[in-house]
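Visitor: Model the structure of this input:
(2 chains)
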Amino acid sequence: MRDVKQRVPQIILTVTALLLIASAFVARPGDGSAPAVQRLLAFADQEFATWFSILTVFAFLLGGLNLVATHLVKIRDRGPDRYYSAVTLVSFVVVLAVGMAKLGGPPGLQGDVTAPGSWLSAVFDAVLSPLHATLYSLLAFYIASASYRAFRARSLESSLLLASALVVLLGRIPAGRYLTTWIPEPVAFLRVEELSLWILRVPNTAGQRALMIGIALGVIALAVRMIAGVEKDPRSGGDGS
Amino acid sequence: MNLGYDRLASRLESLDRRWIFLVLAAVVVISLLTGVSTPDRATSVVQPIYDRIENLPAGAPILLSLDYSPSSAPELEPMADALTQHALLTGHPICYMSLYPTGNNMISRVEERVIAREFPQAVPARDWVTLGFQVGGEMLINSLRDSLTARYPTDVSGRPLAAIPALRGVRGLTDFGLIVSLSAGQPGLKEWILYAGDVMDVPLAGGCTGVGAPQFFPYYPLQILGLMSALKGAAEYEAALARGHPEFTAANRQATRGMGPQSAAHVVIVAFILLGNAGLLLRRCANRRSP
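Guide: Model (predicted):
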């Protein structure tokens, strides 16, 4: 029984992964006269995408249930943050009820739950939107404070970081452009706006690509191990060895 | 003398962060109240997006994916507004969708603020259509490659896609003249590049937040034809739009107005960084002079 519990998920994973990898390298058929294999791969690509989306809906559901369970436990145990948990639960239930009941919006299953005039839309505009904006705008203050403390020319490396930060900060505002308009056209690349763009397009791109390629190689290696069944998979309960 | 240097250096190096908060808040508030802003111009990274829309065949639809929530709206919403204004000024129908659960509300805000107020003559389904949010992220994009109806049998108001004039001749993603993702994170522009732009060779452009910009520059200009990064990117787009379309007045330039406070904040941050380094320099001088 334990063997079946390990092998069945592994077989599903391997078959699905191989089909999806193959479909990525095969063009989708334009009409019904395409070879059967091509049509099968296109079908798999299309259908798996739909199944993935259905699974995502269940992930939303599980997430909601998990949120309720976690906060109910915190309230039951009378933890120090139980009042926050109560606020979370009340907010969750109220928004869920307003959305499920489709209060104030166009009626029927097809009616847009977020249409202007619906209660859910009012909650979004009056509560969620200002809360998001407030939290995000606070970041500006912390970034200012952190920049003041972090950007110090203590060594060659930190001096380079400081210089880059100053160029990008000034290059990302229209006023920064006027600071260096006096630089003649033949050496216009030295203007702060051009330098800022160069930092983003050249050194930044080089660093980003190195990271992206490294991460991609890691993901490929992990995928190969999972497809081959040598990676420990918590879903199967096996050790993969 | 060295004691004086030391004290000054110490003060400059370790300013109470509440002073930084106070000065920043004061400068931003004053800048907001006075409404001072500096005109901008489109850089080589933003201009191609404007040019692409200008040069689209008449009536070619544009897909605009609003992949953000209210937290990123101050940076990305001006881009959505400017693109909507540009599309409607040039007669290109817009198709709105979103990979974010809050997407429908973000689309409603653009409809209310831009279409209803500035283009009262615009007709739903003819000039724009809202497909809205669907779950799935990258897999949603994958599903839409060949057929929009695979995941969107109707628009948000329940109208079948076949009955929508704005989508006449549109079967899948390749039938759009341009796809633009305004992206605050994942899923967003990166997924559009990987699952639409690269595999289908469909014209793709993007807008992103300031912190997200560095990760998208490697894709420009081969995989995305242009990139608007943060409020500055939106202000550049507005500048291009104002130059090409005189009817696009200063009253519409939301990002340009926002660049005033942002510029002031940047100058304050630069000033504090310089102050901190002045303190460091003074300390080094004092240390050299001391026996």
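Visitor: For the helix or strand containing B:Val110, buried residues please.
Guide: Of the helices and strands defined by DSSP states H and E, B:Val110 is found in helix B:103-110. For helix B:103-110, a neighbour-count test (16 or more other Cβ atoms under 10 Å in any protein chain shown) marks B:103-110 as buried. Using the backbone N, CA and C atoms, a C-beta is placed for each residue, glycine as well.
Visitor: Can you add distance to chain A and pLDDT and give the residues you listed back as a markdown table?
Guide: Shown next, in a markdown table, are the buried residues of helix B:103-110 (distance: Cβ to the nearest Cβ, whole Å; pLDDT from 0 to 100):
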| residue | distance to chain A | pLDDT |
| --- | --- | --- |
| B:Gly103 | 9 | 94 |
| B:Asn104 | 4 | 93 |
| B:Asn105 | 5 | 92 |
| B:Met106 | 9 | 95 |
| B:Ile107 | 9 | 95 |
| B:Ser108 | 6 | 93 |
| B:Arg109 | 8 | 93 |
| B:Val110 | 12 | 95 |
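Visitor: Sort out which one of these lies nearest B:Leu56 for me.
Guide: Distances from those to B:Leu56 were compared by Cβ to Cβ; the smallest belongs to B:Val110, at 19.8 Å.
Visitor: next SSE after the helix holding B:Val110?
Guide: helix B:117-118.
Visitor: Relative to the whole chain's centre, how far out is the helix holding B:Val110?
Guide: Relative to the mean C-alpha coordinate of its chain, helix B:103-110 is positioned 15 Å out (Cα atoms, centre = their mean, to the nearest Å).
Visitor: which helices and strands sit right next to it?
Guide: In this structure, helix B:103-110 makes packing contacts with strand B:62-67, helix B:73-90, strand B:94-98, strand B:128-133, judged by 3 or more Cβ pairs under 8 Å, 6 or more residues apart in numbering or on different chains; DSSP states H and E.
Visitor: Residue most distant from the centroid, chain A?
Guide: Distance from the C-alpha centroid of chain A peaks at A:Pro184, with 43.5 Å (Cα atoms, centre = their mean).
Visitor: where does that residue sit relative to A:Arg191, distance-wise?
Guide: Spatial separation of A:Pro184 from A:Arg191 under the definition Cβ to Cβ, to the nearest Å is 10 Å.
Visitor: just A:Tyr84 next, same as before
Guide: Using Cβ to Cβ, we find A:Tyr84 at a distance of 50 Å from A:Arg191.
Visitor: if you count what's nearby, which of those two comes out ahead?
Guide: Neighbour comparison, A:Tyr84 and A:Arg191: the larger count goes to A:Arg191, with 20 against 13 (by other Cβ atoms under 10 Å in any protein chain shown).
Visitor: now the strands for the chain?
Guide: I went with chain A, as the question did not name one. Using DSSP state E, the strands of chain A do not appear at all; there are none.
Visitor: other chain: chain B
Guide: B:62-67, B:94-98, B:128-133, B:178-183, B:204-208, B:227-229.
Visitor: contacting residues around the closest residue to B:Val46 other than its chain neighbours?
Guide: With Cβ to Cβ, 6 or more residues apart in numbering or on different chains as the criterion, B:Val46 has its nearest non-adjacent residue at 4.2 Å, and that residue is B:Glu236. By Cβ atoms under 8 Å, 6 or more residues apart in numbering or on different chains, B:Glu236 lies in contact with B:40-43, B:46-47, B:228.
Visitor: Farthest pair within those residues?
Guide: Distances among the contacts of B:Glu236 were taken as Cβ to Cβ; the most separated pair is B:Arg41 and B:Met228, at 13.7 Å.
Visitor: So between the two, which is more surrounded?
Guide: Under the neighbour definition other Cβ under 10 Å, B:Arg41 and B:Met228 were set side by side, and B:Met228 has more, 31 against 14.
Visitor: residues in contact with that one?
Guide: Residues touching B:Met228, when contacts are defined by Cβ under 8 Å, 6+ apart, comprise B:45-46, B:49, B:79, B:205-208, B:234, B:236-237.
Visitor: what about 6 Å?
Guide: The contact partners of B:Met228, by Cβ atoms under 6 Å, 6 or more residues apart in numbering or on different chains, come to B:46, B:79, B:207, B:234, B:237.
Visitor: The last one reaches B:Ala80, doesn't it?
Guide: Same thing as B:Tyr237. No. Under the criterion of Cβ atoms under 6 Å, B:Tyr237 makes no contact with B:Ala80, lying 10.6 Å away.
Visitor: Where in chain A is the helix or strand with the lowest mean pLDDT?
Guide: For chain A, scoring each helix and strand by mean pLDDT, DSSP states H and E identifies helix A:174-179 as the least confident one, at a mean of 82.
Visitor: Can you spell out which helices and strands pack onto that one?
Guide: Helices and strands in packing contact with helix A:174-179 are listed as helix A:192-201; criterion 3 or more Cβ pairs under 6 Å, 6 or more residues apart in numbering or on different chains; DSSP states H and E.
Visitor: Quick one: list the elements packing against the helix it packs on.
Guide: Helices and strands in packing contact with helix A:192-201 are listed as helix A:156-171, helix A:174-179; criterion 3+ Cβ pairs under 6 Å, 6+ apart.
Visitor: Tabulate the helices and strands packed on helix B:103-110 (JSON lines), appending distance to chain A and mean neighbour count.
Guide: What follows is the helices and strands packed on helix B:103-110, written out as JSON lines (distance: least, Cβ to the nearest Cβ, whole Å; neighbours: other Cβ atoms under 10 Å in any protein chain shown):
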{"stretch": "strand B:62-67", "distance to chain A": "12", "mean neighbour count": "28"}
{"stretch": "helix B:73-90", "distance to chain A": "7", "mean neighbour count": "24"}
{"stretch": "strand B:94-98", "distance to chain A": "10", "mean neighbour count": "25"}
{"stretch": "strand B:128-133", "distance to chain A": "7", "mean neighbour count": "24"}
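Visitor: how about these in JSON lines, adding mean pLDDT?
Guide: Conversion of those to JSON lines gives the following (pLDDT from 0 to 100):
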{"stretch": "strand B:62-67", "mean pLDDT": "98"}
{"stretch": "helix B:73-90", "mean pLDDT": "95"}
{"stretch": "strand B:94-98", "mean pLDDT": "97"}
{"stretch": "strand B:128-133", "mean pLDDT": "96"}
